[in-house]
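Peer 1: what follows is a predicted protein model with its sequence.
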Amino acid sequence: MKITVLIDNTPSDNKIFFAEKGLSIYIETSRRKILVDTGLTGKAFNNAVSMGIDISDVDILVLSHGHIDHTGGLKRFINANNKAKIYASSLIYSLEYYSNRHGKVHSLSPDYEVFKQNYNRFVLLKDNTEICKDVYAVFNNTHLQPRPLGNKYLTVEERETLKPYVANDEIALAIKKKEGLAIFSPCTHSGLLNIIPSCVEYTKEQTVQFFLGGLHLLDEEAEVENNYICYMADSLLKLYPNIKLYTGHCTGERACYYLSTVLKGNFIKFKTGDVYNL
């Protein structure tokens, strides 16, 4: 499996690549070419061109949740690709997304016109789904472990009622490999220790090779969340001794420091343009 981080908050060392506050991940398996999220603006696809990746060849697009930094490049993707099925939560059409981080309310909602104009491209999911052989879209189904504190800044409006964001639209992508389960969760609003067991339970694959995605651990929360971060890292090693954790987008520098201290060589921070063969 070849994994390319098309765009991330952290710039590449190669100045030819764009970076932005968003995430888009390109995955090549022996059977499929899969895209997870589209970043904030579509600049991910400039990077794809620079890396020799033809977006028109993508077979499957999975939108992890409705926030604009993960769906903002959708129009450009659709213009470049006329064949991929687009998998997303059925809730994505009914929610308006907001953040009040830094004391100012601003919209995180996607461009709903793009959704409406291309409705026939979407496969709207209400439950866990096997997309194709060994490839699964998984909703979080456990709340035994705490979610990231950064969620406190997030709300949704549904039927003119403002509610806390509980990430019930969030989808993780799980892929079975001979080495174990590969899990992709771009923001992990539901919490790492909830999403991994949800994927393990649904796929019935007990071994987890790696997890790749953002963890929604913000720098201003790092001191408060320090105990939780260490607990999370210790629990990962205990439950999944050989798991590797690849993270970047929406994972603050101090959180990365705490995680790397505990996980050591099993912790990898990714950035725009990084390529992994796993």
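Peer 2: Thanks, I have the structure now. None of these values were measured; they are calculated from a predicted model.
Peer 1: where does the residue sitting nearest the centre point of the chain sit relative to H65, distance-wise?
Peer 2: Nearest to the mean C-alpha position of the chain, counting by Cα atoms, centre = their mean, stands P186 at 1.3 Å. For P186, the distance to H65 equals 8 Å [Cβ to Cβ, to the nearest Å]. Every C-beta, even on glycine, is put in place using the N, C-alpha and C of the backbone.
Peer 1: helices or strands up against the lengthiest helix in the chain?
Peer 2: Scanning the chain for the helix with the most residues, using DSSP state H, yields helix 222-239. Using 3 or more Cβ pairs under 8 Å, 6 or more residues apart in numbering; DSSP states H and E, the elements in contact with helix 222-239 are helix 192-203, helix 253-263.
Peer 1: would you turn those into a markdown table with distance to R159?
Peer 2: Listed next are the helices and strands packed on helix 222-239 as a markdown table, based on distance: least, Cβ to Cβ, whole Å:
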| stretch | distance to R159 |
| --- | --- |
| helix 192-203 | 26 |
| helix 253-263 | 35 |
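Peer 1: ok, of those, where does mean pLDDT dip lowest?
Peer 2: Lowest mean pLDDT within these: helix 253-263, a mean of 88.
Peer 1: helices and strands around that helix, which ones?
Peer 2: Counting contacts by 3+ Cβ pairs under 8 Å, 6+ apart, helix 253-263 packs against helix 222-239, strand 244-247, strand 267-269.
Peer 1: for those, which one ends up most surrounded?
Peer 2: Mean neighbours per residue, mean count of other Cβ atoms under 10 Å, is largest over those for strand 244-247, with a mean of 21.
Peer 1: please name the strands paired to that strand in the sheet, noting orientation.
Peer 2: With DSSP bridges as the test, strand 244-247 is paired with strand 208-212 (parallel), strand 267-269 (parallel).
Peer 1: can you redo those strands as JSON lines with mean pLDDT?
Peer 2: Listed next are the strands paired with strand 244-247 as JSON lines, based on pLDDT from 0 to 100:
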{"stretch": "strand 208-212", "mean pLDDT": "97"}
{"stretch": "strand 267-269", "mean pLDDT": "96"}
